[in-house]
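K.L.:
What shape does this take:
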Amino acid sequence: MMGRETALLRRIGIYAVANFGSKVMSYVTVLLYSYYIQAKELGYYDLVNTTVSALMPLILLQVNDGAYRYILEAKEDRQKYIRTGMSFVALTASVASVLFACLNIVYKFKYALWILLFLVTTAVYTFVLDVVRALGDNKFYAGIGVVNTFVILFLELFGLVVLKRGVEVLLASHSVANILCIALMACKERALCLPRISAIDGCILKKLLVYSVPLIPNVVCWWIVNFSDRYLILHYLGLTANGIYSMANKFPSILIAVTGVFFTAWQETAIKEYSSQNRDAFFSGIFYRYSMLLFGLAAFLIPATRIVASLFLSREYMETWKYTGFLYMGSVFSALCSFLGVGYQISKETARAFFSTVGAAAVNFLVNIALIRRIGIHAASLSTFVAYFFLFVYRMGDSRRYFCISPHYGKWLAMLGLCGASLAITFVSGNLAAPAIAAALGAASVLCFSRGMIKRTVKSIRGLS
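P.N.:
Numbering: from 1, shown residues only. As a prediction, this is how the structure comes out:
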């Protein structure tokens with residue numbers, strides 16, 4: 001078991017070294033947005049970003065997930081999967097470009113050219129990045145993430161501060177960074193090739209689609225849980241309120257960075273260890289320590305966000321901290337759901353993932369509709385938390401088809417209570433003193449429950465040098 005944990009922690013170490021510096025800088029850039037982009041403009045950019053996210057599963061048909069799964073196992077046919085998947089994505093992206101151009105004739109989208117470039121490059125970048133990860137070049141995969149983030153940050157800083165171009169700069173920065181990273185990956189990985197329609201292998205494509213297409217409803221439902229509230233806020237509260245909510249969503253990026261680093265490493269480990277001895281004990285131990293870390297981080301970040309927002313955001317965005325508490329809690333349960341949902345991938349029963357996620361999407365929508373007129377933006381963050389909590393409860397039971405997680409209900413409830421107390425103190429306090437104490441207690445809980453894992457991860461990071 002220790003060997004497996006060491007391998008997992010080494011992967012986490014690689015991704016952590018590669019990503020956390022850039023994520024911290026990205027977090028700081030969020031503060032810059034508040035001084036250079038008005039809430040209404042940020043609301044428009046968030047809608048564009050949200051819509052692009054919604055279109056990704058329809059453009060990719062999730063063949064990136066299928067390619068990753070099959071390339072990871074394949075010994076001799078990797079090139080066929082890569083060539084077929086790459087050519088198919090190029091074809092679907094071309095079709096999407098034509099449809100977008102036709103829609104633009106009618107609706108005249110603002111920043112239409114940059115939106116189209118952002119859409120197409122995101123699709124290709126997503127596929128190519130998953131191929132690089134499947135080929136096992138973890139350090140290069142992590143390095144590409146760093147390059148992408150730093151290029152975006154540099155272009156955003158230059159465009160916002162020097163050129164003062166606003167939202168247009170945000171779209172252009174992502175597009176240019178995607179193109180650069182695609183070029184770097186194509187140069188480094190010889191397995192990647194220029195897409196050609198004639199390169200599509202019908203049998204390979206069928207295997208990819210059989211695996212990937214059932215994931216589309218699941219991904220769409222994930223999108224509904226994560227992003228549909230933007231459209232409801234736009235409809236009921238307006239574009240400025242959507243900009244405020246967009247800013248609130250950017251603060252959980254630190255917690256999402258932690259979960260993203262872990263899940264990227266865990267996904268590969270889970271697939272490789274699924275048939276190993278003592279699998280359930282191994283999965284349970286990792287899940288327990290991971291959940292304790294997440295709850296502790298949420299208890300720390302909820303009050304810390306109020307302090308940061310009050311001291312560093314512009315006046316227009318200063319109150320965004322009020323909406324972040326349940327967003328943090330939603331991020332915690334989203335991460336735990338992803339951990340449990342890996343069972344659908346390793347067993348290749350991807351269609352089953354849909355049933356749980358559609359229930360969460362329905363819960364999210366119903367809570368939003370019921371409360372948004374009464375409590376405004378708070379309905380969006382609360383509905384996200386409720387939906388992910390529902391999904392967590394469902395998947396705790398359903399995941400037993402693939403592996404058995406030993407529950408720690410008492411400790412989970414204690415940590416959930418700590419997060420609730422942290423949220424309450426942050427919200428009702430009239431000054432920053434009480435949130436500062438709550439943040440300190442949250443930080444202490446992280447060290448208390450996760451010090452062993454943190455020490456071993458640090459050793460793994462040192463071992464990379």
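
K.L.:
residue contacts, Phe333?
P.N.:
Phe385, Tyr388, Phe389, Leu391, Phe392 (Cβ atoms under 8 Å, 6 or more residues apart in numbering). (C-beta placed from N, C-alpha, C; glycine too.)

K.L.:
Could you report the pLDDT at it?
P.N.:
Looking at Phe333, its pLDDT reads 95.

K.L.:
That one and Thr51: what is the separation?
P.N.:
Using Cβ to Cβ, to the nearest Å, one obtains 25 Å as the distance from Phe333 to Thr51.

K.L.:
re earlier: may I see the contacts of Phe333 organised as JSON lines, with pLDDT and neighbour count added?
P.N.:
Formatted as JSON lines, the contacts of Phe333 follow (pLDDT from 0 to 100; neighbours: other Cβ atoms under 10 Å):
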{"residue": "Phe385", "pLDDT": "96", "neighbour count": "21"}
{"residue": "Tyr388", "pLDDT": "93", "neighbour count": "25"}
{"residue": "Phe389", "pLDDT": "95", "neighbour count": "20"}
{"residue": "Leu391", "pLDDT": "93", "neighbour count": "27"}
{"residue": "Phe392", "pLDDT": "94", "neighbour count": "20"}
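
K.L.:
Mind picking the one among the residues you listed that's closest to Trp114?
P.N.:
Among the contacts of Phe333, Tyr388 lies closest to Trp114 (Cβ to Cβ), at 32.2 Å.

K.L.:
Distance check, that closest one against Thr122.
P.N.:
From Tyr388 to Thr122 the distance is 24 Å (Cβ to Cβ).

K.L.:
How about Ser406?
P.N.:
Ser406 is 39 Å from Thr122, by Cβ to Cβ.

K.L.:
More neighbours: those two, which one.
P.N.:
Thr122 (21 against 11; other Cβ atoms under 10 Å).

K.L.:
Could you report the neighbour count for Ser275?
P.N.:
Count around Ser275 with other Cβ under 10 Å applied: 8.

K.L.:
And for the one 5 residues further on?
P.N.:
Here the count is done by other Cβ under 10 Å, and Asp280 has 13 residues near it.

K.L.:
Quick check: closest non-adjacent residue to it.
P.N.:
Cys404 (4.7 Å; Cβ to Cβ, 6 or more residues apart in numbering).

K.L.:
where in the protein is pLDDT low?
P.N.:
Residue ranges of the chain with pLDDT under 70: 1-4, 6-7, 14-27, 75, 193, 450-465.

K.L.:
Mind doing that once more with 50?
P.N.:
1-2, 464-465 (pLDDT under 50).

K.L.:
how close does the residue of it positioned farthest from its centre get to Leu61?
P.N.:
The C-alpha centroid of the chain is most remote from Ser198, which lies 34.1 Å away (Cα atoms, centre = their mean). With the distance defined as Cβ to Cβ, Ser198 ends up 20 Å from Leu61.

K.L.:
Please apply the same query to Ser173.
P.N.:
27 Å.

K.L.:
and what of Thr240?
P.N.:
Distance check for Thr240 against Leu61: by Cβ to Cβ, it reads 36 Å.

K.L.:
Settle it for me: which of those two has more neighbours?
P.N.:
When neighbours are counted by other Cβ under 10 Å, Thr240 and Leu61 differ, and Leu61 comes out ahead with 20 against 17.

K.L.:
Enumerate every residue touching the more buried one.
P.N.:
Phe88, Thr92, Leu209, Ser212, Val213, Ile216.

K.L.:
Let me have these in a markdown table, extended by neighbour count, distance to Asp280 and secondary structure.
P.N.:
Shown next, in a markdown table, are these (neighbours: other Cβ atoms under 10 Å; distance: Cβ to Cβ, whole Å; DSSP: H, G, I helix; E, B strand; the rest coil):
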| residue | neighbour count | distance to Asp280 | secondary structure |
| --- | --- | --- | --- |
| Phe88 | 24 | 37 | helix |
| Thr92 | 16 | 39 | helix |
| Leu209 | 15 | 32 | helix |
| Ser212 | 24 | 28 | helix |
| Val213 | 16 | 30 | coil |
| Ile216 | 17 | 30 | helix |
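
K.L.:
quick one on the thing from earlier: which one of the contacts of Phe333 is nearest Phe339?
P.N.:
Closest to Phe339, out of all of the contacts of Phe333 and judged by Cβ to Cβ, is Phe392, at 9.7 Å.

K.L.:
Residues in contact with the helix or strand harbouring that closest one: which ones?
P.N.:
Here Phe392, judged by DSSP states H and E, is contained in helix 378-398. Residues from elsewhere that reach helix 378-398, judged by Cβ under 8 Å, 6+ apart: 225-226, 229-230, 232-233, 245, 248, 322-327, 329-330, 332-334, 336-337, 340-341, 352, 356-357, 359-361, 363-365, 367-368, 370-372, 375, 405, 407.
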